[in-house]
Each structure stands twice: as C-alpha cells, then as structure tokens.
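*Asks:* everything below, folded, please.
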Amino acid sequence: MSKRDYYEVLGVAKSATDRELKKAYKRLAMKFHPDRNPDDESAAEKFKELQEAYDILSDDNKRAAYDQYGHAGVDPSRGGGGGAQDFGDIFGDMFGDIFGGGGRGGRQRGPARGADLRYNMELTLEEAVKGVTKDIQVPSLQSCDECNGSGAKKGTSATTCGTCHGQGQVQMRQGFFAVQQACPTCRGSGKIIKDPCRKCHGEGRYEKTKTLSVKIPAGVDTGDRIRLSGEGEAGEAGAPKGDLYVQVQVRDHKIFERDGNNLYCEVPVTFADAALGGEIEVPTLDGKVKLKVSAETQTGRMYRLRGKGVKSVRSNTTGDLMCKVVIETPVKLTEHQRKLLKEFDAAVNGSSREHKPKADGFFDGVKKFFNDLNS
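*Replies:* Purely as a prediction, here's the structure:
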C-alpha cells in the first residue's frame, strides 16, 4: 500500500511553518497515542505514521528532499533523509548485481548491524521542563552470552561456507547475464554452524527485556528524540549494536500551554481589579508569583513574566510566561448587588463617552457602515 502524503497525515498545508507542524503533531499525537487507545490497533498505526511524517517534515534537509522528490527522496532504503540520489547511484543499484561487480552492487555482504529501536515516553509538562530520570523496560534481541554471539556451541566455531567460499553470495548465469543472489546454503552469512548453541539455537542472539535508566534533560518538548548509542538490538555474528531512540511526548497541561520556550495561561481577573488596578497571584511552574494589573485593563491583554517559562534544552536561554487577562463576570448576584450594579451602570453609561471608548467607537463604526450602505 502506498504511503500517504506527509502533509496530509499532519493535516497541514505544504507551506506550514515549523510552529504549525509542531502544533498539529502534538494535537494528533495525543489523540492517537497507544496508551490512550489500548483497544484500538489502528491508533497505533496512525501514531507510527504520524511520527514518521513529523520526523521528516521537522528536519529542514529531509523536508526539502521530500518536497522535491516525494517519498523517494527520503526512502531509508536509499539512504533516506539526505536528499535524492543521483542517477549513478540508482543505476548502480539496478545493474551492479546483473553484471557482477562495480559500484555498490558488487559489495560483499557482511554481518548486519543491529536494528535501531524506538521507545515512546510520555512526560508531564513539569517533568519535561525540569528534567527527570526514568527507568524503562525495552524488549530486544541481545547477543547470546553463552556463545558470545557466534551462534556456535561453546568450544566450537563456525566454518567457511563451501558453496560461496565465505562470500555470502553466489552467481546464477543465464547466457550473457550473471545475477548475484544470497547463498542458499549459508543464507548470505558466509559461515556454516554445524553444532549450534543450545541457548540461542545458532542465531547468536535471543530476545530479552532489559531495564535502562534514561536521563531526560530539562527543556525537552514533544517531538524531541534522545539517542542512546548501542542500546538497540545486537548485530548479527558480533556486528555492532543498533541505537535506542527515546521519543518524547508531553501531555497537555490543565493550566499552561507551551509554545517553544514560552508558556501561556489565562488568568481570571475581577471587574474591580481590571478597572481600578491591583495585585493578583498567578501560578508558575516554580510556585505562585505576584502580578500587577494596571488600571483600565481590558480582556485579552497579555502580561509577560520574564524568565518564568522554559529553559531551552539547546541553550541557556529561558522563555517567558505570558498571562492573558480574562475579566470574570460576577454570577449569582444578590438583590442588593444587582441594585448597586445598576446604579453604577447608569452612572457610567450617561452622556459621557470617556468611560467606554471601545463600545462607543464600535457603535459609531456600525452606524457609519449602515449609512454608507444605504447612501
């Protein structure tokens, strides 16, 4: 089945900014995260597809290659992510084996490096901002300690394959053409194990769940990856191990919304404090702080608390906390309170326009609009 367009997967336009990409990814990642959909197998596939799309489009080089060449430009089987290949590479892959040598097609096959692994780690905003150390359990193929990864019984060793003479490949000739293929006797390894190890059954590896302590640095965000070198699967016949990539997913917070190194929150303010000015308490990730509200503050005004955001994981800069004022209308008023409010409203909404410049300006604009429409 062909892959879906990465922009379609994230639900963004091709011209989307990095911020729009990250926002779309965070929203969809929380929706399809496997931990939130334990009984929905399709959610895991969508989550995997989503991560793949974001990994490509969040990298400028990979995104440029994808925009120009589509999925072929970032295909891992052709060294994906580094841009599209030139014609020499492509023809080398197509004809190198057929004509028996030259270019990459004539390379000798060796033991394969271990596969890279991915672990999805969900963090609270507090853990992501301050950093945390967590133990994780990772099932993977580990080198057999009984045979030291050779696959042969202890005290014995593998012998060179007599069919391919250790090359791992054989040639099949058909007239003018010679086609190379993996040796059917040793399955491409170049070695024969006559007496296999009883623990790993000659594979040199066996599945084992290991516990790792992962240190998450302060300031990580959704989409960040932490590489643990050599903690992936063991390679074949003693080949190098793969790596483990810890993929970070930060949960939504009840109070704060994060955008890069800045935090945003809405702060309810009473009508009296907004009109007269005052000092209120606002939350931060380090505790409560005082915020001075200016007199005549309107709903939507943004106050900046410098240095109360997130310290960048890549530098020493720290973001800010942006507090958006939301004026709270009083509810469940008593008769006495209603009377006082009506008296106040009558005093403010008299002939003077200085108390309500926005309202008067708005209605003046409406009146002019209809006058122009009817003229």
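*Asks:* check contacts around Tyr206.
*Replies:* Applying C-beta atoms under 8 Å, 6 or more residues apart in numbering to Tyr206 gives the contacts Leu141, Gln142, Cys144, Lys199, Cys200. Yep, even glycine has a C-beta here, placed from its N, CA and C like the rest.
*Asks:* distance to Thr209 for the residues you listed - can I get that in TSV?
*Replies:* Shown next, in TSV, are the contacts of Tyr206 (distance: C-beta to C-beta, whole Å):
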residue	distance to Thr209
Leu141	11
Gln142	9
Cys144	15
Lys199	16
Cys200	16
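*Asks:* where does pLDDT dip in this structure?
*Replies:* By pLDDT under 70, the low-scoring segments of the chain are 1-2, 75-111, 173-178, 237, 350-375.
*Asks:* next, count neighbours for the nearest residue to Asp286 once chain neighbours are set aside.
*Replies:* Distances taken as C-beta to C-beta, 6 or more residues apart in numbering place Lys308 nearest to Asp286, at 7.4 Å, with adjacent residues excluded. Other residues near Lys308 come to 20 when the count uses other C-beta atoms under 10 Å.
*Asks:* helix, strand or coil: sort out Lys308 for me.
*Replies:* Using DSSP: H, G, I helix; E, B strand; the rest coil, the three-state assignment for Lys308 comes out as coil.
*Asks:* against Tyr264, how distant is it?
*Replies:* Lys308 is 11 Å from Tyr264, where distance means C-beta to C-beta, to the nearest Å.
*Asks:* between these two, which contacts overlap?
*Replies:* Shared contacts of Lys308 and Tyr264 (C-beta under 8 Å, 6+ apart): Leu321.
*Asks:* next, the buried residues of the helix or strand containing Ala274.
*Replies:* If you go by DSSP states H and E, Ala274 is part of helix 271-276. Buried positions in helix 271-276, judged by neighbour count with 16 or more other C-beta atoms under 10 Å: Asp273, Ala274, Ala275.
*Asks:* as CSV, the residues you listed with distance to Tyr25 would be great.
*Replies:* Formatted as CSV, these follow (distance: C-beta to C-beta, whole Å):
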residue, distance to Tyr25
Asp273, 38
Ala274, 36
Ala275, 42
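*Asks:* closest to Val9 out of those?
*Replies:* When these are ranked by distance to Val9 (C-beta to C-beta), Ala274 comes first, at 43.6 Å.
*Asks:* tell me the contacts of Asp195?
*Replies:* If you count contacts by C-beta under 8 Å, 6+ apart, Asp195 has them with Ala152, Lys153, Thr156.
*Asks:* rewinding a little: my guess is the residue nearest to Asp286 contacts Gly287, does it?
*Replies:* No - using C-beta atoms under 8 Å as the test, Lys308 is too far from Gly287 to be in contact (10.2 Å).
*Asks:* going along the chain, name the strands of the stretch 201-350 of the chain.
*Replies:* 205-216, 225-228, 244-250, 257-259, 262-270, 278-284, 287-293, 302-305, 321-328 (DSSP state E, counting those that start in this stretch).
*Asks:* do I have it right that Leu141 meets Glu236?
*Replies:* No - Leu141 lies out of contact with Glu236 (C-beta under 8 Å); the separation is 9.5 Å.
*Asks:* between the two, which contacts overlap?
*Replies:* Gly114, Arg205.
*Asks:* for Glu126, helix, strand, or coil?
*Replies:* Of the three states, Glu126 takes helix under three-state DSSP.
*Asks:* quick check: closest non-adjacent residue to it.
*Replies:* Among residues not flanking Glu126 along the chain, Leu285 sits closest, at 6.2 Å (C-beta to C-beta, 6+ apart).
*Asks:* dump the residue contacts of that neighbour.
*Replies:* Each residue near Leu285 by C-beta under 8 Å, 6+ apart is listed here: Leu125, Glu126, Val129, Lys130, Phe256, Leu263, Lys308.
*Asks:* before we move on, what about Asp252?
*Replies:* By C-beta under 8 Å, 6+ apart, the residues touching Asp252 are Met30.
*Asks:* how about 6 Å then?
*Replies:* With contacts defined as C-beta atoms under 6 Å, 6 or more residues apart in numbering, Asp252 has no neighbours.
*Asks:* next, it: phi, psi?
*Replies:* The phi and psi values for Asp252, taken as degrees, to the nearest 10, are phi -60, psi 150.
*Asks:* can you give me the helices in this protein?
*Replies:* For the chain, the helices defined by DSSP state H cover 6-10, 18-32, 41-57, 60-69, 87-95, 125-130, 271-276, 335-348, 357-374.
*Asks:* and those helices as CSV, adding distance to Val325?
*Replies:* What follows is the helices of the chain, written out as CSV (distance: least, C-beta to C-beta, whole Å):
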stretch, distance to Val325
helix 6-10, 33
helix 18-32, 23
helix 41-57, 34
helix 60-69, 37
helix 87-95, 59
helix 125-130, 22
helix 271-276, 7
helix 335-348, 20
helix 357-374, 15
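*Asks:* count the residues that sit near the closest residue to Leu28 other than its chain neighbours.
*Replies:* Among residues not flanking Leu28 along the chain, Leu50 sits closest, at 5.4 Å (C-beta to C-beta, 6+ apart). Neighbours of Leu50 under the rule other C-beta under 10 Å: 21.
*Asks:* Leu50 contacts Met30, correct?
*Replies:* No - Leu50 is beyond contact range of Met30, at 10.5 Å (criterion: C-beta atoms under 6 Å).
*Asks:* Gly73 contacts Ala65, correct?
*Replies:* Yes - in terms of C-beta under 6 Å, Gly73 counts as a neighbour of Ala65; the distance is 3.7 Å.
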